[in-house]
Every structure is written in structure tokens, then in C-alpha cells.
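Asker: One predicted model, sequence on top.
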Amino acid sequence: MTRFLLTEDKVTTFIEHLQSQKNVFAPHKRGTNSFAFEQVSDPASVELDYTRTLHSVKKFFMPPREQLLSFSLTDNSFTEPTVDPVDAIFLGVHSYDLQAVLKLDHNFSEGNPEKNYLKRREGALFVGVTFTPDKWHFSGSVGINPNDAEGFDVFLFAVENGYAVEAFTPEGEALLDGFKMSEFDSDIPAAADFNQHIYVPQGKLTEVFDNAWDNEIWEETSKECVGCGTCNLVCPTCYCFNVEDGVDVTATVGQRERHWDACMTRDFSEVAGGEIFREELAARQRHRVYRKFKYISDKTGQPWCVGCGRCTASCSAKISIVNIVNKLVQDHEQATVAPV
Amino acid sequence: MKDLYFPVMAEITGVKQLSPMEKLFEITLPGGADLDHDPGQFVELSLFGVGEAPFSISSSPTRKGTFELGIRNVGMLTDVLHRMEAGEKVGIRGPFGSGFNVDDFKGKDVMIVAGGIGLVPVRSLINYVLDNRDDFGRLIILYGSKSDKDLLFTDELQQWADDPKVEYHVTVDSGSEDWTGNTGVITTLIPGLDLDLANTKCVIVGPPIMYRFVLLSLNSKGLPEENIYMSLERRMKCGVGKCGHCQINSSYVCQDGPVYHYPDLADLQEAL
């Protein structure tokens, strides 16, 4: 497919071109060193060169709180909520975050397909951009590189003085229609290296996790962890939720809402009567990491972690999932390699 | 696409006090429709403004027109529910999960080990066997309870005790003055049983601590592991394999369970 050159000085005009077609959501700077996906009002405020957003684009398809139904207490009737497709362009999405969306698509389609999520996903278009790995990214270790365009409608490959733009779907081609750019016929420069790695081939992760249950790292990590659940909330592939009813001040109507939940919190596995099945922090940490590298992976053949680094970057104790996995790998290698 | 989270509005058509803490609710779906469940499955019951929770179905699918839920008053939702009366509405989703595959039990001796409120879900299977009595061999019921005051379904317990085709044994941890039956934990009932080991299918349902001891006991009795089934309790918030609350390793209790064949559970850490 043809690539075009989008020079740095034309980026805002390009965003305006996108805005003329649909609403555009893109990274914006928030605070000193934080970024968030928000609807673009001023194209000049979009940050295409950013580390990572606090939350991934997951929040648009599975909102932190959403109504499942509204009810009337006077006659015990309920009403279906209106769920609209997110008919928008997501600009400046990193490859790991799109991979996370594809994983959520799997989780919400398999078994019992879920209407709310799948409805919202209709119509969303993704324009990716190359990222420069910072100290927390490690997506290369789970097979996702900064220039991976899989799943994108359009990708902006970082090149000198701008971006090489390529459309990958008919919808992506339509987004570029009418925007004048010259052809780009050089090679795409290699993306920057990652600064941290999981030192094991992906195919071997299954084997490592088969032998990781009793590793001391879980107990060690739990000495630092406070069980706040932040790692779950910022994870682009975490989708566990709780459901609660709320009643308005008139006590006549209310709504049933689901909200993001976190398996790192103590009451997550609690049942009526008070029994808690993962009472220890070590057990909860192990559950979280196993969910990313074993439980779902055994069924799908892929790690369910995309290497965005959010769980570590946002952790107040800086508990590193990379260090945890590397320790498991190291202990596994020592246990399985015969002494010389 | 079907909405996963919309309940059907059903009516409470009967309420019976089972014990100081437990009540049995008879629920009727609109038009008296059958719930069409397997013994051992569960439903999500909701009260608008209060919430939703999973409950095992206590009645056998052979008893048509209504279904029953035996519910302990232990939290906010159950507290409100315990104040409700016949004629009031509840939301029902389900049935969900994998129940007992009764075909596995046909032609075999069926042994039930129920501890405390564990009798509630397993009653669906007991009554299924009683309603299809000729399809099964012996029916052996072991029931353990904290005290004789906590015994559930006392009318039915008496029927089982009187039924020559049911071998019913009960024990309580500590009995009141007028208790004349067995005293001691449920495992004390096992050594004295004369079982056709290869031909006996055993179902265990009770509090987490009970499983470990009953399994040890059955093991020393020589019962093969592939003849053991159990039902596990977890907080199945959605019932449809999405919310993550009931997950044990890679298994979702709301999908693969709550009834598990013991050999499938043996590899699941955190299950028991």
C-alpha cells in the first residue's frame, strides 16, 4: 500500500481533516507528566509524542461506570439503557493499546457475547502512531513492537520531520481521502529499542508459569504491596467488574450499574458469610500475574499482557511485573538446566 | 443479541421458615414457565435498589411450575429478601452454570455428603433421584449440621428417615438436650458405611473446610476419585463468565461449575 509523508507542520491540518469526518479522541497532556485520551477541540493541543496515557482507550468501550438498566421501585419495572456505538476516530493510539482492545474484543465476544461492549466498539476507527519506549514499556517482550500496525485503520510511522502515513483498511483510506500529501517512498526507520525485557521466549512462558505457583516472589512482593488495585484499574486488558444498584433521592427510581473492579482488593473473592478465597496479598498478586500470562493465555495461546508498563508506572510501591516474571524465568531456568 | 444482564420479573409465591437463619422461597416465573434447570445449577436473584446475588436452586426440575431457593440471612440482599412475602416481585436471571450430569449417576449408587447449608443445592439432586427412583441404585444421604436446631428441611429429613429406599444418616456437631441422634463431625459417618466402591457416585457439598476432611475420609475408604463430585461456592456476580469474581485459576465457577467432577478440580489450586 502507498505511504504518504505527513510533515510535522501539517499535523494540525491533518487532525482538522479528521475532525471534519468524525469526532476525534487523542492524547492530551494533563499535569506535568501525564497524558489522557480526550476529545479533540483544539488540534494544536494534541500530543502525538507521548509516553503513555494514564488509562488506555478501554475507558471508551467499557466505561469505568456504566448503567446496565434503570428501574422503578414503584412498579418493579426496568428500562434498557441506550448504548450507542462510539462513532469516533482514535488518533495517536500506541500499538500495545490497540492489541489490548483486540484482546478485550475476544473476552467480550467469546462464550456469552456482551451487547454493551460490542455495540460501543462499532464504528470506532484507530489511527496509530509509533512510540518511543520509556523505562516502563516492555511490549517487545510480548511480541508487540512500536511500529506494529495490526488492527489499525491508519498508522503514522515516525520518520524524520514527521510521519509516514499508511492506510490498512477501506475505512482508513477514506479517512485520508481529500488530504493532500506527497508519497513517501523511503524505508521506515527501525523503532527505538526497549529499555527493559522479559528474558524468555514467548513460547516458554507456559512452561515457566507451570512451575511458578510456589515461587517466593509472591510473598516477597506482598511485603511492598498495599492491595490498592491501581494496577488493575490502569491495565488495558483488565475487564473484571462489580455490579451495584443505586437509588436516587426520591427513592422511587434507580439504576443498576457495573463498575471496574480489581482482583488485588481483599473483598474481590469474598462470598456471603465472609469467606475470602484469596485472603493473602501474595495469592492476589499471583492471581493477577497468572491472569496476564497463564489463565487466559492457556486458552488463547497469547500473553494477556501487552507490555504497556502502566501497572508498574502507576504503582506506589513500584512493583514491577517485569521483575516478577524475570524472577520466575530465572528460577525456572535454574531448576530445569542440569548442572554442568 | 440477547442482553446478558436483564432479569425476568418473577413472583414469590411461597415463603417457609427452614431454620432460625434460613427461609425457603418458592418462585414462580411469568405464566408459570419452567425454569428448565439441571440439579446443581444456580440463578441470579435481584431486588431493584438492593442488588443481585447468586443462589443455588434447591428444587428438582422434576417438580414443575415453580422453583425453590433456600436462603440464609447473611447479608444486605438476603436480609431484605427475608422480610419479603408471597406476592412480591424479584428479578431472576438464569439458570446458570454446570449442574450435576444425572446421566453419569444413572444405574449407580448415589451417595450425598451435605454439610450445613450445603443441603440446599444438593436437595435438587436428592429429589431428582427420589422422583426417578428406579433409574438409580442405593440413595445414601449423610447430613451434618452445627446443631439439631439448624437442621434444614426437617419434614423431608423425616421422610428420608422413614423411606426404606433411602439410607439417611445425620449428625450434629453439638446437640441440644433433646437430641438423641449422632453427635460429631460428618466424617464420623463415613467409616461405618458398607459401599460398593466402584459403583458409588459421591456428591459433596458443604463449607470449604468440610471438603478437605471428607475427601481424606473417602480416600481412606477407598472410593475412587473419579466417582466424586462437588459443588463450590463463589461470588458469581454476572453468571455469564465476564466479571471475574468466581474465577479459580483458569476456571470460571459460573461456567465450568459450580458442580465439578473431582478429577477436574484436583489440578485447580485455590479451589478447596
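Answerer: In hand now; what should we look at?
Asker: What residue in chain A comes nearest to chain B?
Answerer: Closest approach between chain A and chain B, counting by CB to the nearest CB: A:Cys240, at 3.2 Å. (C-beta placed from N, C-alpha, C; glycine too.)
Asker: how long is stretch A:194-207 end to end?
Answerer: With CA to CA, to the nearest Å applied, stretch A:194-207 spans 24 Å between its terminal residues.
Asker: any idea of the mean pLDDT for that stretch?
Answerer: In this model, stretch A:194-207 has a mean pLDDT of 90.
Asker: With stretch A:243-252 instead?
Answerer: Rounded mean pLDDT across stretch A:243-252 is 95.
Asker: wait, does it make contact with chain B?
Answerer: Yes. Applying CB under 8 Å from any CB of the partner chain, one finds stretch A:243-252 in contact with chain B at A:Val243, A:Glu244, A:Asp245, A:Val247, A:Ala251.
Asker: same deal with stretch A:42-60?
Answerer: No. Taking CB under 8 Å from any CB as the criterion, stretch A:42-60 and chain B are apart, separated by no less than 14.3 Å.
Asker: so how far is that stretch off the chain centroid?
Answerer: Its chain's C-alpha centre and that of stretch A:42-60 lie 13 Å apart, by CA atoms, centre = their mean, to the nearest Å.
Asker: and the residue of chain A closest to chain B, how far is that from B:Lys242?
Answerer: 8 Å (CB to CB, to the nearest Å).
Asker: what about those two, which has more around it?
Answerer: Comparing A:Cys240 with B:Lys242 by other CB atoms under 10 Å in any protein chain shown, the one with more neighbours is B:Lys242, at 24 against 19.
Asker: Find the residue closest to the more buried one in space, skipping its chain neighbours.
Answerer: In space, and not counting its chain neighbours, B:Lys242 is closest to A:Glu114: 6.2 Å by CB to CB, 6 or more residues apart in numbering or on different chains.
Asker: can I assume the one you found is in contact with A:Phe108?
Answerer: Yes. In this structure A:Glu114 lies within contact range of A:Phe108 using CB atoms under 8 Å: 4.6 Å.
Asker: what do these two both touch?
Answerer: Residues touching both A:Glu114 and A:Phe108 (CB atoms under 8 Å, 6 or more residues apart in numbering or on different chains): B:Lys242.
Asker: neighbours around the closest residue to chain A within the stretch 151-272 of chain B, how many?
Answerer: With CB to the nearest CB as the measure, B:Gly244 is the residue of the stretch 151-272 of chain B nearest to chain A, at 3.2 Å. By the other CB under 10 Å criterion, the neighbourhood of B:Gly244 contains 23 residues.
Asker: swap in the one 4 residues further on?
Answerer: Around B:Ile248 sit 23 other residues, with neighbours defined as other CB under 10 Å.
Asker: And it, its phi and psi?
Answerer: Here is the backbone geometry of B:Ile248 (degrees, to the nearest 10): phi -120, psi 110.
Asker: Okay, now the unreliable bits of the stretch 101-250 of chain B?
Answerer: Filtered on pLDDT under 70, the stretch 101-250 of chain B yields no residues whatsoever.
Asker: Mind doing that once more with 90?
Answerer: B:207-209 (pLDDT under 90).
Asker: Quick check: residues of it near chain A?
Answerer: B:207-208, B:233-235, B:237-238, B:240-245, B:247-250.
Asker: any idea of the mean pLDDT in the helix or strand harbouring A:Phe90?
Answerer: Per DSSP states H and E, A:Phe90 falls inside strand A:88-93. Strand A:88-93 comes out with an average pLDDT of 98.
Asker: same for that strand, what does it pack against?
Answerer: Counting contacts by 3 or more CB pairs under 8 Å, 6 or more residues apart in numbering or on different chains; DSSP states H and E, strand A:88-93 is packed against helix A:11-19, strand A:23-30, strand A:125-129.
Asker: Show me the domain layout of chain A.
Answerer: What automatic domain parsing lists as the domains of chain A is A:3-61+A:72-183, A:202-336.
Asker: How about the secondary structure of B:Pro55?
Answerer: To be clear, residue B:55 is Phe; Pro isn't right here. Assigned with DSSP: H, G, I helix; E, B strand; the rest coil, B:Phe55 falls in the strand class.
Asker: which residues does the closest residue to B:Met21 other than its chain neighbours contact?
Answerer: Using CB to CB, 6+ apart and skipping residues adjacent in sequence, the residue nearest B:Met21 is B:Arg72, 5.1 Å away. Counting by CB under 8 Å, 6+ apart, B:Arg72 touches A:Ala272, A:Gly273, B:Met21, B:Glu22, B:Thr78, B:Ile117.
Asker: Try it again at 7 Å.
Answerer: Contacts here follow CB atoms under 7 Å, 6 or more residues apart in numbering or on different chains; on that basis B:Arg72 touches B:Met21, B:Glu22, B:Thr78, B:Ile117.
Asker: would you list every one of the strands in the stretch 151-300 of chain A?
Answerer: Counting by DSSP state E, counting those that start in this stretch, the stretch 151-300 of chain A has strands at residues A:154-159, A:162-167, A:182-183, A:241-247, A:253-260.
Asker: could I get those as JSON lines with distance to A:Lys10 and mean neighbour count?
Answerer: As requested, the strands of the stretch 151-300 of chain A are exported to JSON lines (distance: least, CB to CB, whole Å; neighbours: other CB atoms under 10 Å in any protein chain shown):
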{"stretch": "strand A:154-159", "distance to A:Lys10": "12", "mean neighbour count": "22"}
{"stretch": "strand A:162-167", "distance to A:Lys10": "7", "mean neighbour count": "22"}
{"stretch": "strand A:182-183", "distance to A:Lys10": "10", "mean neighbour count": "9"}
{"stretch": "strand A:241-247", "distance to A:Lys10": "42", "mean neighbour count": "18"}
{"stretch": "strand A:253-260", "distance to A:Lys10": "38", "mean neighbour count": "19"}
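Asker: just so I know, which of the ones you listed lies nearest B:His82?
Answerer: Nearest to B:His82 among the strands of the stretch 151-300 of chain A is strand A:241-247; the distance by CB to CB comes to 17.8 Å.
Asker: Now tell me what touches the closest one from outside.
Answerer: Residues from elsewhere that reach strand A:241-247, judged by CB under 7 Å, 6+ apart: A:68, A:254-261, B:48-52, B:237-238, B:243.
Asker: returning to what we had before: filter the residues of the stretch 101-250 of chain B next to chain A to the buried ones?
Answerer: Using 16 or more other CB atoms under 10 Å in any protein chain shown as the burial test, these include B:233-235, B:237-238, B:240-245, B:247-250 as buried.
Asker: Using a markdown table, please lay out the domains of chain A together with distance to B:Leu216.
Answerer: As requested, the domains of chain A are exported to a markdown table (distance: least, CB to CB, whole Å):
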| stretch | distance to B:Leu216 |
| --- | --- |
| domain A:3-61+A:72-183 | 35 |
| domain A:202-336 | 20 |
